[in-house]
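**Q** sequence and predicted structure below; questions after.
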Amino acid sequence: MLASSLVACSDDDGDGSAGTHEPTGSAYYQELADLTGGLDEQNTAADEELNEAVPTADPAEIGNLFSEATLESADRLEAALDEMAALEPPEDAVEAHSDLLTATTAELELSRAFADTLAGLDQQEVEALSPPPEQPFIETSTDDACAALQALADSAGADVELCVGMFAPPA
């Protein structure tokens, strides 16, 4: 787990005892970047698989196909969220970290609800479906929280890219 790697035990004080040291801001930002980057890689691979499956899928089953893919994405997001919650941000990043957790939780809930909406729809119904009305607000909240953490990481001198994949602001 990511949290277990944040606290390092060492004997750098020379007294023969293992001391516990708080993670540095840079370590926190690196752990978060690894987490968001890993999630992005997993989601990209899953999207590629979905894109390969769509052309050969039964049009009557498209909604189920997208529903299952959305639930799998939600499962990956939930696992990442659990790991994010276990991270210990530096003092100046506590609020932004909390904001990211809140926004990511809202994204998770939205994904699960949208998966339920997709289930059982045929291709025509899926194509006619509008995004949930709260989606832009939730995505903006996630983008803003990530951007705040990125600014803090930059200020701390951490050479990381936190806002990738679902955490990236619109281009």
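**A** Here it is on my side, so go on.

**Q** and the strands in this structure?
**A** 8-10, 19-21 (DSSP state E).

**Q** what about the protein, any weak spots by pLDDT?
**A** 1-24, 171 (pLDDT under 70).

**Q** go with 80
**A** Scanning the chain for pLDDT under 80 picks out 1-25, 165-171.

**Q** which stretches of it form helices?
**A** 2-6, 25-53, 62-86, 94-118, 123-128, 135-155 (DSSP state H).

**Q** need these in TSV with mean neighbour count, can you?
**A** For every residue, glycine as well, the C-beta is placed using N, CA and C. Shown next, in TSV, are those (neighbours: other C-beta atoms under 10 Å):
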stretch	mean neighbour count
helix 2-6	14
helix 25-53	17
helix 62-86	18
helix 94-118	18
helix 123-128	13
helix 135-155	18
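
**Q** of these, which is nearest C163?
**A** Set against C163 and scored by C-beta to C-beta, those come closest in helix 135-155, at 4.2 Å.

**Q** show me what the closest one is packed up against.
**A** helix 25-53, helix 94-118 (3 or more C-beta pairs under 8 Å, 6 or more residues apart in numbering; DSSP states H and E).
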